[in-house]
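Colleague: after the sequence you'll find the predicted model.
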Amino acid sequence: MKPIIHPADYYRRMLAAQPHALKRLDGSAAIVKLSRDQQVPEDDGTTGHWYYVIAGAARCSTIRADGRRQILDLMLVRDFFFVGNSQREEAIEAITEETVLAGYSAVRLEGLGERDREFARELREITFQSLERTRQQLVVLGGVTTADKVSAFLLLLEERYGDQRGDIRLPITRYDLAEYLAVSVETVCRAFSDLQQRGVIALIGIRTVRIVNRDALEHQIGRRYPNAGSDTIAA
């Protein structure tokens, strides 16, 4: 199935309302609407494209030797990521049923950057953002237990998308999260259940999590009370 190039004003209005480093190019960005598991378009040439996530989520993944998929990078709303023609062993795909991207030609960005110092700074900003996402992923995956990893992931989402009540709408399923954390979905579900039973979080429906005790969540990953006794769950 080919991706749908969707010039709808609706998505352009969404793009215009979101602050990001390439605002000046919003009018010329290609709007790409994908369904779950659809591949993000690859570039036919050698320059590639930068993509910005307007809605939904995308993943960069590979298939492990045991046949399981491992998500190497998770791109959420307001993230930039690069797609070139050299990523032969990695698949870059939409991870939700309605994933909408803004596409920018890398060769055009580089040309503008050579002529405009301010734009060159903006281009560096999106590159640094990608590096920061890698750092955040290492923090999440660095947890000793699955509960540590889930806690770090929830705190990351709260920082980016949480509301005043501490409610977080999960952008991906537990199956996707399991592939991101490189554990089984059963282990992820046990970690959520244990955190809920301990009163650290509350599950509101299928995809919404409310942080009830933020101190306990931070304690879970050692951000607070680093010398406290080991009372983490072993999921």
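Modeller: Noted; the coordinates are in hand.
Colleague: contacts, neighbours, all on C-alpha from now
Modeller: Fine.
Colleague: in the helix ranked longest in the chain, what's buried?
Modeller: With secondary structure taken from DSSP state H, the chain has its longest helix at helix 117-141. The neighbour-count check on helix 117-141 (16 or more other CA atoms under 10 Å) flags 119-120, 122-123, 125-126, 130, 133, 137, 139-141 as buried.
Colleague: do the same with stretch 207-215
Modeller: 209-213.
Colleague: repeat for stretch 198-205
Modeller: 200-203.
Colleague: low-confidence ranges, the chain, go.
Modeller: 1-8, 43-46, 86-88, 223-235 (pLDDT under 70).
Colleague: now do the helices in it.
Modeller: Under DSSP H, the chain gives helices at 9-17, 106-115, 117-141, 146-161, 174-181, 185-197, 214-220.
Colleague: how near is Arg36 to Ile172?
Modeller: 11 Å (CA to CA, to the nearest Å).
Colleague: who are the contact partners of the residue nearest to Glu90 when sequence neighbours are not counted?
Modeller: Leaving aside its sequence neighbours, Glu90 sits nearest to Thr62 (CA to CA, 6 or more residues apart in numbering; 5.0 Å). By CA atoms under 8 Å, 6 or more residues apart in numbering, Thr62 lies in contact with 69-72, 89-91.
Colleague: Thr62 and His49, how far apart?
Modeller: Thr62 is 20 Å from His49, by CA to CA.
Colleague: domains in this structure, by residue range?
Modeller: If you go by automatic domain parsing, the domain ranges for the chain are 4-119, 142-220.
Colleague: any idea how far the first one is from the chain center?
Modeller: Average the C-alpha atoms of domain 4-119, do the same for its chain, and the two points are 12 Å apart (CA atoms, centre = their mean, to the nearest Å).
Colleague: what's the answer for the last one, then?
Modeller: Relative to its parent chain, domain 142-220 has a centroid offset of 14 Å by CA atoms, centre = their mean.
Colleague: start and end of that domain, how far apart?
Modeller: OK, domain 142-220 end separation, CA to CA: 12 Å.
Colleague: again, but for stretch 206-220
Modeller: Taking CA to CA as the criterion, the two ends of stretch 206-220 lie 23 Å apart.
Colleague: cool, thanks, talk later.
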